[in-house]
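S.K.: take a look and give me a structure for this.
(one chain, ligands or ions: 1)
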Amino acid sequence: MMKNNPLNPPLLRGNFSGTIHVGLIGFGTVGTGMATVLMEQEKLIARRLGANLVLTQIADVDIKRSRGINIKKISLTTNPYEIILNPKIDIIVELIGGIEPACKFILDAISHGKHIVTANKALLATHGEKIFKAAEEAGVEILFEGAVGGGIPIIRVMKEGLSADKITAIFGIVNGTSNYILTKMSEEGSGFSKVLKEAQSLGYAEADPTLDVGGGDSAHKLAILALLAFGTPIPVKDIFTEGIDKVAPMDIAFAEAFGYKMKLLAIAKQVKGKLEARVHPTMIPKDEILAKVNGVFNAVCVVGKSVGETLFYGRGAGSIPTGSAVVSDLISIARNILNQQGYGKPHRVPVPPTGIISSARLPLPIKPMAEIESRYYLRFMVEDRPGVLSAISGVLGRHHISIASVIQQGRKEAGAVPLVMMTHKAREKDIQMALEKINQSDSVYKPTVLIRVEGKDIDQFLPFKGRLGGDGI
Ligand code: HSE
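M.R.: Have a look, this model is predicted:
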């Protein structure tokens, strides 16, 4: 009997050479992490795969700078087309980020029959449809586990782990920078700008943090998750996006007084046949698990019709965790290449890039923000005199908004005092119209702060409650 040597697998048949060759375009933070994981886990990967997975070639604008890893056996180039046109390369990893030239490199690689791995969320959120179509037509695979949630294998969960389930809602903390800042603001009572500066000096926040703290990065990730979950491509511009840059320590403190934590949530829900997709600071009850996700960590709660509530937690960024996600994609593609080469069953049907065969999608109409329903936290900065509260509640009442609780702290003869309210469920359009009216009042000194509240309403996404019996979770 042949000895079961993982580097020389006995099951291989056909023309298989025993090595899958990988080319990397973009040797930055994640590229270095990916190369590190691939080299450190070389033997483990060979044991899992039954073949060798080798980083053969790297292209980057800077191939001189040391990345602190041994790349002596790897061919380096500044020209990505040396990789794209290299017949030896089976899979190309794109890790340069941004839209162009990443998009062109990927499309050209696909047209040369290369399989693709990318972690480029901005590109997939904006040009994913074009790229996935090109890959499907060319019969190559494109995987992107590193694009959302860093080291959390959330893409595979959506495409494969929950493939039997109808997903009804996603609630994600998918931006580590924002979560770190909100956690620090909550712990220290500090303002946004101070905490952002500290985060930058510690290397937790980018020099240009706009995409992270402005919510854009979360919106890109939500567009990808919603496409996988609901088969609905959502243009990023149609995702209502508000960042954390306007969040004041006072609102975090009031949230805590009401029993809530403030998180930047990416939310997608299927409500009455329509899809809601939005990113904004959100108050969630402090006993919800998501409220306990702190610091740079990410977590995605996915609710399925059969499975109920599931939660995936981990490091949403970083060279090695994201590098590990990229390598997991390489292993998946390598397995399929081996299948095609006669290892195992030759006619395995690959998982479609977005988990649903593109011609079989049933996209949902997207609900305009004005139509969503939520509970709201409102902070009015008002003159402290008799009649102000009743005037404000009168306007809210006339717009069908019911107040759940009120806090007014402090008493000032002159100047503004905060008057804080939690509403019952109301329509966004009604809230906006009421606030427009209220903000015109002479007794209201500053534009009213509005923060949406999510929480126990999650129950409505658990349609099996009581159906599966027992504890009814
Ligand atoms: N900049 C992102 C974050 C990580 O802060 O979470 C990469 O997706």
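
S.K.: SS state for the residue of the stretch 201-350 of the chain found nearest the ligand?
M.R.: Ranking the residues of the stretch 201-350 of the chain by distance to the ligand (C-beta to the nearest ligand atom) places Ala317 first, at 3.5 Å. Heads up, the C-betas are built off the backbone N, CA and C, glycines and all. With DSSP: H, G, I helix; E, B strand; the rest coil as the basis, the three-state label of Ala317 is coil.

S.K.: and it, what does it touch?
M.R.: Residues touching Ala317, when contacts are defined by C-beta atoms under 8 Å, 6 or more residues apart in numbering, comprise 150, 176-177, 296, 298.

S.K.: just the buried residues from those, in ChimeraX please.
M.R.: Remark: buried members of the contacts of Ala317, expressed as a ChimeraX selection using 16 or more other C-beta atoms under 10 Å:
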select :150,176,177,296,298
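
S.K.: pick out the most distant pair among the contacts of Ala317.
M.R.: For these, the maximum inter-member distance is 11.9 Å, found between Gly150 and Thr177 (C-beta to C-beta).

S.K.: relative to Thr241, how far out is the residue of the stretch 201-350 of the chain closest to the ligand?
M.R.: Remark: distance between Ala317 and Thr241 (C-beta to C-beta, to the nearest Å) = 19 Å.

S.K.: check Met158 too.
M.R.: To Thr241, Met158 is 21 Å away according to C-beta to C-beta.

S.K.: settle it for me: which of these two has more neighbours?
M.R.: Neighbour comparison, Met158 and Thr241: the larger count goes to Met158, with 25 against 20 (by other C-beta atoms under 10 Å).

S.K.: and the strands in the stretch 151-300 of the chain?
M.R.: 167-173, 240-241, 260-271, 274-285, 297-304 (DSSP state E, counting those that start in this stretch).

S.K.: is any part of the last one close to the ligand?
M.R.: No - under the criterion of C-beta under 6 Å from any ligand atom, the ligand is not reached by strand 297-304; the shortest gap measures 6.6 Å.

S.K.: and the contacts of that strand?
M.R.: Counting contacts by C-beta under 8 Å, 6+ apart, the residues outside strand 297-304 that touch it are 148-150, 152, 154, 157-158, 162, 165-176, 179, 225, 229, 289-290, 293, 309-317, 458, 461-462.

S.K.: out of those residues, which end up buried?
M.R.: For the contacts of strand 297-304, a burial check counting by 16+ other C-beta under 10 Å picks out 148-150, 152, 154, 157-158, 162, 165, 167-176, 179, 225, 229, 290, 293, 309, 312-317, 458, 461-462.

S.K.: distance check, Val327 against Leu265.
M.R.: Relative to Leu265, Val327 is positioned 29 Å away (criterion: C-beta to C-beta).

S.K.: next helix or strand past whichever strand or helix holds Arg335?
M.R.: Applying DSSP states H and E as the criterion places Arg335 in helix 319-340. Toward the C-terminal end, the helix or strand that comes next after helix 319-340 (DSSP H and E) is strand 373-383.

S.K.: up against the ligand, what does the stretch 301-450 of the chain have?
M.R.: Of all the residues in the stretch 301-450 of the chain, those in contact range of the ligand (C-beta under 6 Å from any ligand atom) are 316-317.

S.K.: so where's the stretch 301-450 of the chain shaky on pLDDT?
M.R.: Low-confidence segments of the stretch 301-450 of the chain, defined by pLDDT under 70: 342-349, 410-414.

S.K.: try the stretch 1-150 of the chain
M.R.: Residue ranges of the stretch 1-150 of the chain with pLDDT under 70: 1-17.

S.K.: and the helices in it?
M.R.: According to DSSP state H, counting those that start in this stretch, the stretch 1-150 of the chain carries its helices in the segments 29-40, 42-49, 81-84, 102-111, 121-138.

S.K.: reformat the ones you listed as TSV; add mean neighbour count and distance to the ligand.
M.R.: Supplementary listing: the helices of the stretch 1-150 of the chain in TSV, determined by neighbours: other C-beta atoms under 10 Å; distance: least, C-beta to the nearest ligand atom, whole Å:
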stretch	mean neighbour count	distance to the ligand
helix 29-40	22	9
helix 42-49	16	24
helix 81-84	19	24
helix 102-111	20	15
helix 121-138	19	6
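
S.K.: backbone dihedrals for Gly355, please?
M.R.: As for Gly355, its main-chain torsions (degrees, to the nearest 10) stand at phi 80, psi -10.

S.K.: that'll do, ta.
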